[in-house]
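*Asks:* Build me a structure from this.
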Amino acid sequence: MPRSLFPAASAETRNRLEQSPTLKLINDFDWSQTPLGAIPNWAESLKGAVRVMMASSSPMVMLIGPAGVLIYNDAYASFAGNRHPQIFGMPATDAWPEIADFNREKIAMGLRGEALTLRDQELVLNRHGHLESGWMDLHYSPILGEDGLPMGTLCLVHETTERVLAEKALVRSEERLSLALSGSSLVGTWDWDVVNNVVTADDKFAEMYGIDPLRAGLGVEIEQFFAAIHPDDRERVSAEIMAAVANGLDYRSEYRLLCKQGGVRWIVASGRARQDGNGNATRFPGVAVDITEQKQISEALAESELRFRTLADTMPQMVWSTLADGFHDYYNARWYEFTGMPVGSTDGEAWNGVFHPDDQSRAWDVWQRSLATGEPYQIEYRLRHRSGDYRWTLGLALPVRDANGTIVRWFGTCTDIHETRLAAEERELVAQELSHRIKNIFAVLTGIISLSARNRPEIKPFADELRQRIYALGEAHNFVRPHSHISRPPEGQGSLRVLIERLLQPYEENDAARIEFAGDDAEIDDGAATPIALLIHELGTNAAKYGALSRHGGRVMLMGSRDGERYHLSWKELGGPALDSDAGAAGFGSRLISLSVEGQLRGKLVRVWEADGLRVEIDLPINALCRATTPEDAEE
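*Replies:* Residues are numbered from 1 along each chain as shown. So this is what the prediction gives:
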């Protein structure tokens, strides 16, 4: 094979040598198309240098002639990545265009007979389909011909990318650690040379132990650091360090340091001894963290918790607490004393088991609604006493929120209201009996009036009006009669709207609504119910006789509105007969209306006789409607 680098080799030897892909590539390559020409025409010194290169396991590449034609071995082929084998035999500037100037300079340097070594040279190469940085040690040596003149350069390539990246990562890590430690007022580091008994430490560690930072940086004996440890902790800490050194185990210790200004600071120190091949400790590095503030907070928290438990256990109520999700994790002593349950037995959801079976589902539903909405929890239920009897209890709970408004805990109480509940039930019976007797009085009065009217036909109209007014008073009484928690009407049943709808119900028609209330409602009490009932009764009676309710299709619009401490009610009749005067405005009914509004309710009343129907404007103070209503309540 005339083109072979080993023309004198036997066929067997040549086959063995050409197991190298790159050597086979050299033998098969058409070098006549390059400035080097065919292999037989190469200088013997070049062929010898190529043979040496091909036998090497280190990445090597030759840049031959002014063009820097590339010849390289198997190891360099691996280094070239995806660029091999296309770049084999190409000019270096064409093979690696991304570093053409770099290679052009090295080609010229080799032809000048110069050598060069570059350490950790960074080159941005496209070896895997994209540009990426790589680092390498490059050793350039000139290749001399038979005439002693340089004919190219040989480059030995040793890639150091992994080491450089690892070193850079280490430097960044150490820099971050240094910044973190230097920026922290709580952490210090030490390194104990066990063999020479010398401890070197950073400034913060030296400051903790009251040692000059310069001396600590150069190294001082460990006994000087021990001198700063509180006498009550010193022997224990020394024993823990010696045990860690002897056994090669992790070291962690919490102890006190004496401050030069007086007082103590708490430290947590941790580290681990480094051992040689024989298992003997040589170094002991570690860190120390100042936990004084955390210790103080922990002690304050423990003291606060002790005060809370003492206060909770001395309260007459049962006190309990849950996590944000409703998991019960605390009950005070009163709970266990009342229920007779073992401590801890009602944690979680077990609390529901001490409720009366008829109350369990209701109590659970109310509690789940509070958890879902964050609304305060309030309910009355029967709780099993340690005696086995069930007693009525008032349960209350409020959520505790963080700065963002998120619920973090619930605190609640259970108050024994059994006697109060029984007393209320007794009062309810009395109230019902009293109400029944008052209604009987109204019935007797109505009967007397009816009986009197039979014998005096001329007073029948007056008697009918009087009976209607007594009916209005009876309705007002039924509306605001004393209630207990048992007979109390549903929420909203103590409102002005409900009373008006109740009083005017007789004037409704089946085919159309004749009374409409819009706007703001108002709460009323027993003091306001009677005059309001008389007012609405008189207005309704007059409307039925002379106004909108006297005709089919006529109707009354009522509009309520709040304005600060005042409440305004407007009565407007529509669809009635045309009105052109205020005749009859001074009758007894009108005087009764004025007495009810202006006298008893301290308000103002204005009648306006409009063409399409009567309009009455009534202005009242809020606290005249409900004595429990404050101006603040009205604003809400």
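*Asks:* what sits opposite the residue lying closest to A115 once chain neighbours are set aside in the beta ladder?
*Replies:* Once flanking residues are discounted, A115 sits nearest to S141: 5.1 Å by Cβ to Cβ, 6 or more residues apart in numbering. Every residue, glycine included, has its C-beta placed from N, CA and C. Here S141 sits in beta bridges with L154, going by DSSP bridges.
*Asks:* what sits against S141?
*Replies:* Contacts of S141 were listed using Cβ atoms under 8 Å, 6 or more residues apart in numbering, and they are A115, T153, L154, L156.
*Asks:* now do E516
*Replies:* Taking Cβ under 8 Å, 6+ apart, one finds R555, V556, M557, L558 in contact with E516.
*Asks:* cool, P285 as well?
*Replies:* T189, W190, D191, W192, G271, R272, R274.
*Asks:* Bridged to it, which residues?
*Replies:* Beta-bridge partners, per DSSP bridges, of P285: D191.
*Asks:* next SSE after whatever helix or strand V199 lives in?
*Replies:* Counting by DSSP states H and E, the element that carries V199 is strand 198-201. Using DSSP H and E, the next helix or strand after strand 198-201 towards the C-terminus is helix 203-208.
*Asks:* Just the C-alpha atoms of that following helix, please, in CSV.
*Replies:* Written as CSV, here are the backbone C-alpha positions of helix 203-208 (Å, rounded to 0.1, in the frame of the first residue of the first chain):
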residue,chain,number,x,y,z
ASP,A,203,-13.9,37.1,63.6
LYS,A,204,-17.4,36.3,64.7
PHE,A,205,-16.4,33.1,66.5
ALA,A,206,-13.5,35.0,68.2
GLU,A,207,-15.9,37.8,69.3
MET,A,208,-18.3,35.2,70.8
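*Asks:* What lies in contact with the next helix or strand after that helix?
*Replies:* Counting by DSSP H and E, the next helix or strand C-terminal to helix 203-208 is helix 213-218. The contact list for helix 213-218 (Cβ under 8 Å, 6+ apart) reads V199, T200, A201, D202, D203, F205, A206, E207, Y209.
*Asks:* what comes up buried for helix 213-218?
*Replies:* A216 (16 or more other Cβ atoms under 10 Å).
*Asks:* Restricting to C-alpha, output it in PDB.
*Replies:* In PDB, the C-alpha atoms belonging to helix 213-218 read as follows (Å, rounded to 0.1, in the frame of the first residue of the first chain):
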ATOM      1  CA  PRO A 213      -9.800  38.300  66.100                       C
ATOM      2  CA  LEU A 214      -6.300  38.700  64.900                       C
ATOM      3  CA  ARG A 215      -5.000  36.100  67.300                       C
ATOM      4  CA  ALA A 216      -7.900  33.800  66.500                       C
ATOM      5  CA  GLY A 217      -7.100  34.000  62.800                       C
ATOM      6  CA  LEU A 218      -3.500  33.000  63.400                       C
END
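*Asks:* Other residues contacting the helix or strand that comes right after it?
*Replies:* Sequence-wise, the next helix or strand downstream of helix 213-218 (DSSP H and E) is helix 222-226. For helix 222-226, the surrounding residues in contact (Cβ under 8 Å, 6+ apart) are W190, W192, N197, V199, A201, Y209, I211, R234, V237, S238.
*Asks:* 7 Å - rerun?
*Replies:* W192, N197, V199, Y209, I211, R234, S238 (Cβ atoms under 7 Å, 6 or more residues apart in numbering).
*Asks:* cool, and stretch 321-329?
*Replies:* Stretch 321-329 has contacts (Cβ under 7 Å, 6+ apart) with 320, 330, 346-348, 351, 367, 371, 407-411.
*Asks:* Can you name every helix or strand that the helix or strand Y381 falls within contacts?
*Replies:* Using DSSP H and E, Y381 falls within strand 377-384. Applying 3 or more Cβ pairs under 7 Å, 6 or more residues apart in numbering; DSSP states H and E, one finds that strand 377-384 contacts helix 357-373, strand 390-401.
*Asks:* Rounded mean pLDDT for stretch 90-106, please.
*Replies:* On average, the pLDDT along stretch 90-106 is 96.
*Asks:* Run the chain-centre distance for that stretch.
*Replies:* Stretch 90-106 sits 58 Å away from the centroid of its parent chain (Cα atoms, centre = their mean, to the nearest Å).
*Asks:* Next one, pLDDT for the residue nearest to the spatial centre of the chain please.
*Replies:* Centroid-nearest residue in the chain: T406, 7.5 Å away (criterion: Cα atoms, centre = their mean). As predicted, T406 sits at a pLDDT of 92.
*Asks:* Not counting sequence-adjacent ones, nearest residue to it?
*Replies:* Leaving aside its sequence neighbours, T406 sits nearest to A324 (Cβ to Cβ, 6+ apart; 7.7 Å).
*Asks:* need the strands for the stretch 251-400 of the chain, in chain order.
*Replies:* 264-272, 274-275, 281-290, 318-323, 328-331, 377-384, 390-401 (DSSP state E, counting those that start in this stretch).
*Asks:* In the fourth one, which residues are buried?
*Replies:* Just to be clear, that refers to strand 318-323. Buried, per 16+ other Cβ under 10 Å, within strand 318-323: M318, V319, W320, S321, T322.
*Asks:* so what's the third one up against?
*Replies:* It refers to W320. Neighbour list for W320: H328, Y330, Y331, W335, G412 [criterion: Cβ under 7 Å, 6+ apart].
*Asks:* separation between it and E98?
*Replies:* Distance, W320 to E98, using Cβ to Cβ, to the nearest Å: 74 Å.
*Asks:* T153 against L63, yeah?
*Replies:* Yes: when contacts are counted by Cβ atoms under 7 Å, T153 is listed as touching L63 (5.2 Å).
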